[in-house]
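Asks: attaching a predicted model along with its sequence, questions to come.
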Amino acid sequence: MFCYQCQETAGCAGCTRAGVCGKTAQVANTQDLLVYVTKGLSAVTTALRAQGEAIPASLNQLITLNLFTTITNANFDQEAILQRIRDTLAAKAPLLAQVQDPSALPAAARWDGSGDWEEKAAQVGVLSTENEDIRSLRELITYGLKGLSAYSKHANALLQADEEIDAFLQRALAATLDDTLTADDLVALTLETGKYGVSGMALLDQANTQAYGNPEITRVQLGVGKNPGILVSGHDLRDLEMLLEQTKDTGVDVYTHSEMLPAHYYPAFKKYPHFVGNYGNAWWKQKEEFESFHGPILMTTNCIVPPKDSYKDRLYTTGAAGFPGCKHIPGAIGEEKDFSALIEHAKRCAPPAELEQGEIVGGFAHAQVLALADQVVEAVKSGAIKKFVVMAGCDGRAKSRSYYTDFAKALPRDTVILTAGCAKYKYNKLDLGDINGIPRVLDAGQCNDSYSLAVIALKLKEVFGLSDINDLPIIYNIAWYEQKAVIVLLALLYLGVKNIHLGPTLPAFLSPNVAKVLVENFGIAGIRTVEEDMALFFGEQ
Ligand code: FS2
Ligand code: SF4
């Protein structure tokens, strides 16, 4: 196996024996094969579109779900991944027969599944591209597309889709198989991926807000009630909605974990009295927190940590998520899922053990912040707010991530943190106070709600009459872990944001030359110590 798609990759270089995430070599190789057949199918759909054929929505959904399945910590289930490969090959066969010149297609498009799959998987992984710069760009694009596929899938779950995004995603996947493309071509495609990243996040924002209303300022309870509960993690709001409906009047409460916290900010979910609060912290703390929760846990997407035996029977997956031995709740786009197994399970469980008390405040997505625009603009004009610091992205296990807590604490009191994603757990329970009633941590929501942060920045640019987004008093200090952070980063680059700091380490998949392109053209930089970065950003020690 060779995998270097996430920030925790072994030795900041690549996982080669087993994943730091817990992925076995067998699963890693099978995921490589799934990516390969998905790229092959994408080359076929791209050729058919060029012939003027329409591609059915079900095929677009198959492709996005395949990619989502290979995102870090999403699916550890060898059998489920093999089944997706079989389904993909079966879907491709009749389409391939319609391609006018199949000999022009790459080998992945023509592979019919014959031969030994383990051998095939070992031949088609990341290292099959020998030139390290081409490999780096192909993987940068592929990881960005994985992130985009996750956001598309969530929009699809709310019955929204954009054929232009799907067509691009498949064209770009196919392009990563094309040996005629130069490094310059792939750099251009990387930026185009960012363009569609903006479109994908906008589509999901529209799907979420049309279905559930605009997020609004909300106080979320951190304590627990006396009823047994179900804990929902991951990012899929439609799954949460179905679960909330099915748990009505059952005596079972529902809590959010990690990236599901922002669900509390949507008006539509406030009507459920049994939607109690948020339990615990970011994904990587789940071993302790799932243990003490006592009830069943529903993982709607990544980020799964291989469960301990003590609660494995309480862990359920759905959608792209999977773990061998854990029950998977089926259900295609548009279908009502049946969560009765979790509800019955919860009734047999003790209520959750309390981890903490109190509340946190969030709900500062674009509509809410723009509703406060006068107050915010006044605070900037008067000098009460000197700078905004975008600290969006992911949290993770690495000890070095305590940098983000220390950085938040060390920020001057006239700064406001804009956040989205699970990175917020590094500082959202600190008492950082407010500025003239504006909290110093404004949480827009999940990682995809980084879109809101871009909308807010563009609005501020307009209000202040600036011609360049980089003239705003905004610092970008983003933490990354998995591939959704990659599409967020590419989206920001496409919007023209420069001088983004990325940590806790730069991606291992950036070759020195590709990193140089990002540094020279976009001012991308890593992080140093909190003291050094404070001096850099604020000119003080
Ligand atoms: Fe955090 Fe994990 Fe949102 Fe990432 S909960 S690292 O999935 O996408 O962020
Ligand atoms: Fe390693 Fe990350 Fe890949 Fe898991 S997803 S195998 S931790 S690089």
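Replies: In hand now; what should we look at? Ligands and ions are numbered 1, 2, ... in the order given.

Asks: report the secondary structure element holding residue 485.
Replies: Taking DSSP states H and E as the definition, one finds residue 485 inside helix 483-494.

Asks: show me the contact partners of that helix.
Replies: 5-6, 71-72, 140, 143-148, 150-151, 190-191, 193-195, 197-198, 200-201, 392-394, 421, 447-448, 450-451, 454, 476, 478-480, 500, 502, 507, 518, 522 (Cβ atoms under 8 Å, 6 or more residues apart in numbering). To be clear about C-beta, it is placed using only N, CA and C from the backbone, and glycine gets the same treatment.

Asks: domains for the chain, by residue range?
Replies: As given by automatic domain parsing, the domain ranges for the chain are 10-211, 218-347, 363-538.

Asks: before we move on, back to that, out of the contacts of helix 483-494, which are close to ligand 2?
Replies: 5, 6, 72 (Cβ under 6 Å from any ligand atom).

Asks: what number of residues lie near the first one?
Replies: Neighbourhood size, residue 5 [other Cβ atoms under 10 Å]: 25.

Asks: that one belongs to a helix?
Replies: No. Residue 5 is assigned coil when assessed by DSSP: H, G, I helix; E, B strand; the rest coil, not a helix.

Asks: relative to ligand 1, how far out is it?
Replies: To ligand 1, residue 5 is 12 Å away according to Cβ to the nearest ligand atom, to the nearest Å.

Asks: so for that residue, what's the pLDDT?
Replies: pLDDT recorded at residue 5 is 98.

Asks: and the pLDDT at the closest residue to it other than its chain neighbours?
Replies: Excluding the flanking residues, the one nearest residue 5 by Cβ to Cβ, 6 or more residues apart in numbering is residue 143, at 5.5 Å. pLDDT for residue 143: 99.

Asks: which residues touch residue 143?
Replies: 5, 483, 486, 487, 509.

Asks: surely it is in a strand?
Replies: No. Counting by three-state DSSP, residue 143 is located in no strand; its state is helix.

Asks: which one is residue 357 nearest to, not counting chain neighbours?
Replies: In space, residue 357 comes closest to residue 223 once its chain neighbours are excluded; the distance is 4.5 Å by Cβ to Cβ, 6+ apart.

Asks: around that neighbour, how many other residues sit close by?
Replies: Counted with other Cβ under 10 Å, residue 223 comes out at 15.

Asks: what about it, distance to residue 70?
Replies: 37 Å (Cβ to Cβ, to the nearest Å).

Asks: so the residue of the stretch 101-250 of the chain found nearest ligand 2 versus residue 295, what's the distance?
Replies: Evaluated by Cβ to the nearest ligand atom, the stretch 101-250 of the chain has residue 126 as its residue closest to ligand 2, separated by 9.7 Å. As defined by Cβ to Cβ, residue 126 lies at a distance of 39 Å from residue 295.

Asks: could I get the buried residue list for stretch 187-201?
Replies: 187, 189, 190, 192, 193, 194, 196, 197, 198, 199, 200, 201 (16 or more other Cβ atoms under 10 Å).

Asks: how far out from the middle of the chain is that stretch?
Replies: 15 Å (Cα atoms, centre = their mean, to the nearest Å).

Asks: how about it as CSV, C-alpha atoms only?
Replies: What follows is stretch 187-201, C-alpha atoms only, in CSV (Å, rounded to 0.1, in the frame of the first residue of the first chain):
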residue,chain,number,x,y,z
VAL,A,187,-1.8,23.3,-12.5
ALA,A,188,-4.5,24.9,-14.6
LEU,A,189,-6.8,22.0,-13.8
THR,A,190,-6.0,22.3,-10.1
LEU,A,191,-7.3,25.9,-10.2
GLU,A,192,-10.4,24.8,-12.2
THR,A,193,-11.0,22.2,-9.5
GLY,A,194,-11.1,25.1,-7.0
LYS,A,195,-13.6,26.9,-9.2
TYR,A,196,-15.9,23.9,-9.0
GLY,A,197,-15.2,23.6,-5.3
VAL,A,198,-16.8,27.1,-4.9
SER,A,199,-19.8,25.9,-7.0
GLY,A,200,-20.1,22.6,-5.1
MET,A,201,-20.1,24.4,-1.7
